[in-house]
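Student: quick one: sequence and predicted model below, then my questions.
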Amino acid sequence: DIQLLASQQFKAKSRELANLSAVGLVNGDQKSFSFNTESFQGDIGFAVVETTDDEVIRERVKELLPEMVACKQEKNLACLFLA
């Protein structure tokens, strides 16, 4: 059954994410964009964690937030988003 196979693959990826460090999650798939307009000059970072089981990530919020702050400071970002 193709649906069952797809479901198992998504669950396996979610388990892998649970084993990544906060540094790995925040920096793994992150891009930054530079803006230079009249109203804003600076860099904004966007980090993405792709999962079908968002509970795995939400359970780690207390670990991820300090890493986001550290990453924002290290990279001199005006803002850092994690989705």
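Tutor: Cool, the structure landed. Numbers count the residues shown, from 1 in each chain.
Student: contacts for stretch 74-83, please.
Tutor: 25-26, 32, 40, 42-49, 64, 68, 71-72 (C-beta atoms under 8 Å, 6 or more residues apart in numbering). C-beta coordinates here come from the backbone N, C-alpha and C atoms, glycine included.
Student: end to end, how far does that stretch reach?
Tutor: 20 Å (C-alpha to C-alpha, to the nearest Å).
Student: farthest pair in the contacts of stretch 74-83?
Tutor: The distance between the two most remote of the contacts of stretch 74-83 (C-beta to C-beta) is 27.1 Å, for 25 and 40.
Student: more neighbours: which of the two?
Tutor: Comparing residue 25 with residue 40 by other C-beta atoms under 10 Å, the one with more neighbours is residue 25, at 23 against 10.
Student: wait, what's in contact with the more buried one?
Tutor: 17, 47, 49, 57, 60, 64, 67, 82 are the contacts of residue 25 under C-beta under 8 Å, 6+ apart.
Student: list the buried ones in the helix or strand encompassing residue 64?
Tutor: Assigned by DSSP states H and E, residue 64 belongs to helix 61-74. Buried positions in helix 61-74, judged by neighbour count with 16 or more other C-beta atoms under 10 Å: 64, 67, 68, 71, 72.
Student: remind me which residues of the chain are low pLDDT?
Tutor: 14 (pLDDT under 70).
Student: now do the buried residues in the following helix or strand past the helix holding residue 64.
Tutor: Sequence-wise, the next helix or strand beyond helix 61-74 is strand 79-82, with elements assigned using DSSP H and E. Residues of strand 79-82 classed as buried by neighbour count (16+ other C-beta under 10 Å): 80, 82.
Student: going forward, the N-terminal residue is numbered 21.
Tutor: Will do, 21 is the new start, and the previous item becomes strand 99-102.
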